[in-house]
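Undergrad: next input, structure requested:
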Amino acid sequence: MDNSSGVGVLDKAVLVLNALEAGPASLAQLVQATGLARPTAHRLAVALEHHRIVSRDTQGRFVLGPRLSELSTAAGEDRLLAVASPVLMQLRDLTGESAQLYRRQGDERVCVAAAERASGLRDTVPVGSALPMTAGSAAQILLAWEEPDRLHRGLRGAKFTAATLASVRRRGWAHSVGEREQGVASVSAPIRGSGGKVIAAVSVSGPIERLTRAPGRLHAVPVMAAAERITEAMRRTS
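TA: Sure thing, here's the model as predicted:
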């Protein structure tokens, strides 16, 4: 089969990337793997390095660069939003409460999608809102399955404890009552990506008067079901 696109320089750059998929490579190894002339392989690798598509390891060998990971994350984000949007609307309709999708960004969690109630604007979380990782049920979900060192760092200044997160891991969902904002309660569950890693949290939130001081009793089951539907859909489309 002809793998040529008709754009020679692009085809050669793809040859370099395909060769690096197998692991780090010196210039000589790149030449051998791609069949390119040494000056051409070097020029392309250095140009790709300029754009962070290729990088170097500690031994000076060429490796796939960080820009590819960033693009992959962005593609995954788009897929997650497409998959999650109808599920969030179903969750809102089923529970009668606003539903949100959160992803962690550094020391914050960002609302990347939401399905809002027609009324009750005071408990709305606008898309794009950056909230702390130290309070709220979604923060608990996004921290509970982290590596031990990162988990313990995340507990500094948090309104929940290591014991809280152990309970979250055991039952598979989290709830909070007035933890992030006075008068507001929420329930959250994890969305998992490849390898079972938690990549997002799905939540419902609303006034304590409606959700009560035990919001998990009301909404843990539908929230967990929504998270599982999104997880399964991501697995099918990956």
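Undergrad: so which residues of the chain form helices?
TA: 8-20, 27-34, 38-50, 66-95, 137-144, 148-154, 162-171, 208-211, 215-237 (DSSP state H).
Undergrad: looking at the ones you listed, which one has the lowest mean pLDDT?
TA: Mean pLDDT is lowest for helix 66-95 among the helices of the chain, at a mean of 84.
Undergrad: packing partners of that helix?
TA: Counting contacts by 3 or more Cβ pairs under 8 Å, 6 or more residues apart in numbering; DSSP states H and E, helix 66-95 packs against strand 98-105, strand 108-115, strand 198-207, helix 215-237. Where C-beta positions appear, they are placed from N, C-alpha and C, glycine not excepted.
Undergrad: and the helices of the chain, which is most packed in?
TA: Of all the helices of the chain, helix 137-144 has the most neighbours on average by mean count of other Cβ atoms under 10 Å, namely a mean of 27.
Undergrad: which other helices and strands contact that one?
TA: Checking 3+ Cβ pairs under 8 Å, 6+ apart, helix 137-144 ends up next to strand 98-105, strand 108-115, strand 130-132, helix 148-154, helix 162-171, strand 174-177, strand 184-192, strand 198-207.
Undergrad: need the residues that contact the shortest one.
TA: Translated: strand 130-132. Strand 130-132 has contacts (Cβ atoms under 8 Å, 6 or more residues apart in numbering) with 102, 105, 107-111, 125, 138-139, 180.
Undergrad: give the buried residues for it.
TA: Within strand 130-132, the residues scored as buried using 16 or more other Cβ atoms under 10 Å are L131.
Undergrad: adding distance to Q29, write the helices and strands packed on helix 66-95 out as TSV.
TA: Shown next, in TSV, are the helices and strands packed on helix 66-95 (distance: least, Cβ to Cβ, whole Å):
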stretch	distance to Q29
strand 98-105	37
strand 108-115	40
strand 198-207	34
helix 215-237	35
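Undergrad: ok, which of the ones you listed comes nearest L143?
TA: strand 98-105 (8.2 Å; Cβ to Cβ).
Undergrad: can you check what angle separates that closest one from strand 108-115?
TA: In terms of direction (axes from the mean of the first three to the mean of the last three Cα atoms, to 10 degrees), strand 98-105 departs from strand 108-115 by 150 degrees.
Undergrad: I'd like the mean pLDDT over strand 98-105, please.
TA: 94.
Undergrad: other SSEs contacting that strand?
TA: helix 66-95, strand 108-115, helix 137-144, strand 198-207.
Undergrad: so the longest one versus helix 38-50, what angle?
TA: Put plainly, it is helix 66-95. Angle between the axes of helix 66-95 and helix 38-50 is 40 degrees (criterion: the same axes, to 10 degrees).
Undergrad: and what of the third one?
TA: With the same axes, to 10 degrees as the basis, helix 137-144 and helix 38-50 are set at 140 degrees to each other.
Undergrad: okay, and the beta partners of Q100?
TA: Listed beta-bridge partners, Q100: A114, S203 (assigned using DSSP bridges).
Undergrad: so it touches S205, yeah?
TA: Yes - the pair Q100 / S205 is scored as a contact, 6.7 Å apart, by Cβ atoms under 8 Å.
Undergrad: residues in contact with stretch 21-37?
TA: 12, 15-16, 19-20, 38, 41-42, 44-45, 57, 59-64.
Undergrad: hmm, back to that, okay, the helices and strands packed on strand 98-105 in JSON lines with distance to V31 next?
TA: Compiled in JSON lines, those are given as follows (distance: least, Cβ to Cβ, whole Å):
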{"stretch": "helix 66-95", "distance to V31": "22"}
{"stretch": "strand 108-115", "distance to V31": "43"}
{"stretch": "helix 137-144", "distance to V31": "45"}
{"stretch": "strand 198-207", "distance to V31": "38"}
